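Participant: Fold the following, please.
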Amino acid sequence: MVDPLVVDLSRIQFAATAMYHFLFVPLTIGLSFIMAIMESVYVMTGRQVWRKATIFWGTLFGINFAMGVATGIVMEFQFGMNWSYYSHYVGDVFGAPLAMEGLMAFFLEATLIGLFFFGWDRLKPVTHLIVTWAVAFGANFSALWILVANGWMQNPVGARFNPDTMRMEITNFMEVVFNSVAQAKFVHTVSAGYVCGAVFVLGVSAFYLLRGRHIELAKRSIVVAASFGLASALSVVVLGDESGYVATEHQKMKIAAMEAMYHTEPAPAGLTLFAIPGADGRPEFEVKIPWVLGIITTRSFDRDLPGITELTEHAALRIANGIEAYKSLQAIKADPEDLVARAEFDKRQQDLGYALLVKKYRPDVENATGEEITQAALDTVPDVWPLFWSFRIMVACGLFFIGFFALWFYRSAVRKIEKPRWLLWVAVAALPLPWIAIELGWLVAEYGRQPWVVEGVLPTFYAASGLKVSDLVISLTFFVALYTALIVVELFLMVKTIKAGPSDRFSFGEPPPSAPVEPVTAVKAG
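Facilitator: So this is what the prediction gives:
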């Protein structure tokens, strides 16, 4: 078995690179649609301030997109380097959406972004607008395929284990694509990206108003960001509720851990607002809202929400059943023509992954003792309190964004954007909040899945490569240093661009300011 320290370092390395990478992704998704909205207004009105706004926010989008691509490439190589058995075991399933994402990100998106930057004086206004909208949709479709792959890891549908190849294989690709968990994660994640982009535009625009610079562009940008942000913040909450519902259907242990719920409560379960852990790790003091959790997660008043203790007992039963599947698999390996063993395996194979949990304690799974099965069942419980508090901070940020954007939407409607100044400072101070909420959301999604790398199919400790600790220490140090340097470069370029502001001279091949502006009718005609 792989050294536990190697597994931990592999997890830390992948988590570090993934969370670094996801500092760039949501802003790319959010800015792409804001750019498209602004250019649409430009094409409809012919007013140059909207063209300048599109180019300015597009410049920041381009810097961020380049850094996102640079940090994303490394993640895909880690599947082969750090998680070789994972790649062997589920590569036939996981590789397909990952390949589609590569085609979207590195071919379609790159081509469209090139046209966006260098097509201003080469394409008709309407044609360039179509390109900009295509960039926005391309960024979203790129995210779709990553979330399809991740959704399959949370809810492995459309595939089955083949005892002849000892690998998971796709049985229904459309079921993988339209996996309910993947679709819920996709709409929730991209909506969070829209919020991130809106907060960024609003915060930078508020900074300009505080400094008395680029006032017309800043005010118009705030109007777009407030409207787009309010719709996005509301959708994040609604779609987050859907994510909670599908997680209750497929990942009950994650929900129980997020709520620090150790025992099944009478239906409908109450929502814990605040809790203090006791010496044994269980809540010593808690504040609950009756019924809310049960209604949100089960959409009913009479369905129980199982607690950690009951789910652990159920996991022990699945481990015992999985051990029988493992025995049948060994018989098939010894005699591929053993039809009785194949029939027995087909009945129990849904629990084979649970049997693999025992390999943490002994290689001969079929001889596991009751104590080892109990310990393996306890391993299905993720760390409760990091999930508990991460989820609540994320939700608090989401509720703040609704109020934040609603207030700015109202101020925009009554045309009172420049004052009060304290509200402008709040907008600037709120800039880090979307990233905090998004990173915590991913922590809940991924950390809450432990001990599984693929839920119920493949334990994390069993999926890692047999590397040396020294190899991982060196690579982890290198990646953290490299990614930190890239973030410093990103911040330097973004801050430099923001300080310079939208240029008074047109860029990306635009005509000089003295060139005659096309009439509105000609712009509309394209």
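Participant: State the mean pLDDT of stretch 168-175.
Facilitator: Taken as a whole, stretch 168-175 has a mean pLDDT of 95.
Participant: Now the terminal residues of that stretch, how far apart.
Facilitator: End-to-end span of stretch 168-175 (C-alpha to C-alpha, to the nearest Å): 15 Å.
Participant: got the contact list for it?
Facilitator: Residues from elsewhere that reach stretch 168-175, judged by C-beta atoms under 8 Å, 6 or more residues apart in numbering: 89-90, 92-93, 96, 156-162, 176, 454, 457. (Glycine included, C-beta is placed from N, CA and C.)
Participant: biggest helix in the chain, by residue count?
Facilitator: helix 215-250 (DSSP state H).
Participant: tell me what the next helix-or-strand element following it is packed against?
Facilitator: Counting by DSSP states H and E, the element after helix 215-250 in chain order, helix or strand, is helix 252-258. Helix 252-258 sits against helix 215-250, helix 308-334, helix 384-413, with contacts defined as 3 or more C-beta pairs under 8 Å, 6 or more residues apart in numbering; DSSP states H and E.
Participant: which one of those helices is the most hemmed in?
Facilitator: helix 215-250 (a mean of 20; mean count of other C-beta atoms under 10 Å).
Participant: So which elements touch that one?
Facilitator: helix 25-45, helix 48-81, helix 180-211, helix 252-258, helix 292-298, helix 384-413.
Participant: Give me the domain ranges for the protein.
Facilitator: 4-251+382-496, 308-378 (automatic domain parsing).
Participant: from the middle of its chain, how far away would the first one be?
Facilitator: Here domain 4-251+382-496 is found 6 Å from its chain centre; the criterion is C-alpha atoms, centre = their mean, to the nearest Å.
Participant: now the end-to-end length of that domain.
Facilitator: Using C-alpha to C-alpha, the two ends of domain 4-251+382-496 sit 44 Å apart.
Participant: Next, count neighbours for Ser142.
Facilitator: Per other C-beta atoms under 10 Å, the neighbour tally for Ser142 reads 24.
Participant: got it, and Trp152?
Facilitator: 28.
Participant: pLDDT score for it?
Facilitator: Looking at Trp152, its pLDDT is 96.
Participant: And for Pro511?
Facilitator: pLDDT, Pro511: 43.
Participant: again with the one 10 residues further on
Facilitator: Looking at Thr521, its pLDDT reads 41.
Participant: and the angle for the helix or strand where Leu491 lies with helix 25-45?
Facilitator: Following DSSP H and E, one finds Leu491 within helix 469-500. Interaxial angle of helix 469-500 relative to helix 25-45 (axes from the mean of the first three to the mean of the last three C-alpha atoms, to 10 degrees): 30 degrees.
Participant: what separates helix 469-500 from the chain centre, distance-wise?
Facilitator: Distance, stretch centre to chain centre, for helix 469-500: 20 Å (C-alpha atoms, centre = their mean).
Participant: Run through the neighbouring helices and strands of that helix.
Facilitator: If you count contacts as 3+ C-beta pairs under 8 Å, 6+ apart, helix 469-500 packs onto helix 4-21, helix 48-81.
Participant: what angle sits between the last one and helix 469-500?
Facilitator: Compare the direction of helix 48-81 with that of helix 469-500 by the same axes, to 10 degrees and you get 180 degrees.
Participant: Using CSV, write down the CA coordinates of stretch 398-414.
Facilitator: This file holds the C-alpha atoms of stretch 398-414, laid out as CSV (Å, rounded to 0.1, in the frame of the first residue of the first chain):
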residue,chain,number,x,y,z
GLY,A,398,-23.9,34.7,-0.4
LEU,A,399,-26.5,36.5,1.7
PHE,A,400,-24.3,39.6,2.0
PHE,A,401,-24.0,39.7,-1.8
ILE,A,402,-27.8,39.8,-2.2
GLY,A,403,-28.1,42.8,0.1
PHE,A,404,-25.0,44.4,-1.4
PHE,A,405,-26.2,44.2,-5.0
ALA,A,406,-29.8,45.1,-4.1
LEU,A,407,-28.5,48.3,-2.5
TRP,A,408,-26.3,49.2,-5.4
PHE,A,409,-29.2,48.4,-7.8
TYR,A,410,-31.4,50.8,-6.0
ARG,A,411,-28.7,53.5,-5.9
SER,A,412,-28.2,53.0,-9.7
ALA,A,413,-32.0,53.3,-10.3
VAL,A,414,-32.3,56.6,-8.5
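Participant: which residues touch Leu147?
Facilitator: Ala182, Lys185, Phe186, Thr189.
Participant: phi, psi of it?
Facilitator: In terms of degrees, to the nearest 10, the main-chain angles of Leu147 are phi -80, psi -30.
Participant: Roughly how far does it sit from Ala279?
Facilitator: Look at Leu147 and Ala279: by C-beta to C-beta, to the nearest Å, they are 39 Å apart.
Participant: got it, and Val237?
Facilitator: Distance from Val237 to Ala279, by C-beta to C-beta: 36 Å.
Participant: Likewise for Asn162?
Facilitator: Taking C-beta to C-beta as the criterion, Asn162 is separated from Ala279 by 47 Å.
Participant: more crowded one of these two?
Facilitator: Neighbours per residue (other C-beta under 10 Å) separate Asn162 from Ala279, with Asn162 holding more: 13 against 6.
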